[in-house]
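Novice: okay, sequence plus prediction incoming.
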Amino acid sequence: MAKLPSVFQSEYIPLKLVTESGMQYVPVNRYLSGNPWTKQFHKQALADFSHFVHRTSQYKNKNFERQHELYGNGFAGSFNGSPSFVPVTWGEMQFCFYGKGRPQQFANTLRVLDYYLTYADISHSYLQWSRRLRLDEYAYYYLGIDCNGFAGAYYQTTYPATGIDGNDHINFLHEKSTLKERASVFEMRTGDMLVRRGSDGGGTRHVVLIDSIVAINSTEATVSIAHSSGSRDGLAHEVLKLREDTSPASDSYGKLRWDLVGYHKFNRVLAPK
C-alpha cells in the first residue's frame, strides 16, 4: 500500500539525526522557493557553506579543528573525532536551499551543516549574524520545502516508476507520459496530485497531494490534502471540499476544472499510470 502523503509529510517534522552534540530533532517544514543565489542573505550563507565543503576561498588553506573531504558520492569527515562518511552529494545539499529534497537528503545535509557550524571558522560579520547559529536556527532561516519539492519527493519515494525526481522542479507535469488524468471524484485516490498550471506559459504553479477522499456526489468530495504552501507558511495538512468548477473562468490553458473550495482552483488531477 502506498504511504499516505500526510505520513510522508510528518517525516520532515522533525528530522531525527545524530550531531556532534548528540541526538537532535530538527524540523524542516517552512515554505521555501526560488533560487537562493538571487537572495542576498541566502546567497551569502550558501556561498560560505559551499566554500567550507569544497575547501575553497577563505577555507582553502585553513587548519580546521576537524578535517574533511568532499567526494562525488558523499562527505567524509572526522565526526566526533572519528572518521565517518555522510552519503550526500553537493547537488543534494544545495537543493535543500532551493526548497527541494527527500527527508533523508535533508537529514544528511543537516549532518554536514552541523559539522560546519561546529568546526568552521565562520565570519559572523560576512553572514550578518550576531553569533554562531544553532542547527535548528540555521534550518529555520535557510532550508525548507516548496509545493513541487514536497510532491516530487513523495512521488520519487512512493512511485519511482513515474520518473519524477524530488530534486527537480517537476514543471510541466501534464507532459509526463507516466501520469494519467482523473476525470471524476469517483476515480481519485490517495496520492493523486491536484495540479494548477501557470497562465503565463510557465510550468506547475501549485500542486497538492490527496491524502484521502470521500465522494459526496459525482461532482463534489471531501478531501484531506497534504502540501507545502506559502500562504500556509509551509507544510500543511487540511480538510477541504473539492468540487468540479463549471464557471466560465479560464486561463491560457483552458477552463479550470477543479475548485478546492476556500483555497485554490486547479486545472487537473494527475495520478500514476
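Specialist: Noted; the coordinates are in hand.
Novice: please, where are all the strands along the stretch 1-150 of the chain?
Specialist: Using DSSP state E, counting those that start in this stretch, the strands of the stretch 1-150 of the chain run over 15-19, 22-26, 68-71, 74-79, 82-86.
Novice: among those strands, which comes closest to Ala47?
Specialist: When those are compared by C-beta to C-beta, strand 68-71 sits nearest Ala47, at 15.3 Å. For the C-beta atoms, the positions are set from N, CA and C on the backbone; glycine is no exception.
Novice: which elements pack onto that closest one?
Specialist: Applying 3 or more C-beta pairs under 8 Å, 6 or more residues apart in numbering; DSSP states H and E, we find strand 68-71 packed against helix 40-54, strand 74-79.
Novice: show the contacting residues for the nearest residue to Tyr142 once chain neighbours are set aside.
Specialist: What sits nearest to Tyr142 in space, not counting adjacent residues and going by C-beta to C-beta, 6 or more residues apart in numbering, is Ala45, at 5.2 Å. Taking C-beta atoms under 8 Å, 6 or more residues apart in numbering, we find Ala45 in contact with 36, 97, 127, 138, 141-142.
Novice: ok, back up a step: out of the helices and strands packed on strand 68-71, which is closest to Gln24?
Specialist: strand 74-79 (13.7 Å).
Novice: what angle separates that closest one from helix 40-54?
Specialist: Angle of strand 74-79 versus helix 40-54, following axes from the mean of the first three to the mean of the last three C-alpha atoms, to 10 degrees, is 80 degrees.
Novice: can you list the helices and strands packed on strand 68-71 in CSV and add mean pLDDT and distance to Val269?
Specialist: Shown next, in CSV, are those (pLDDT from 0 to 100; distance: least, C-beta to C-beta, whole Å):
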stretch, mean pLDDT, distance to Val269
helix 40-54, 97, 34
strand 74-79, 96, 38
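Novice: any idea which of the strands of the stretch 1-150 of the chain is most buried?
Specialist: Of all those, strand 74-79 has the most neighbours on average by mean count of other C-beta atoms under 10 Å, namely a mean of 19.
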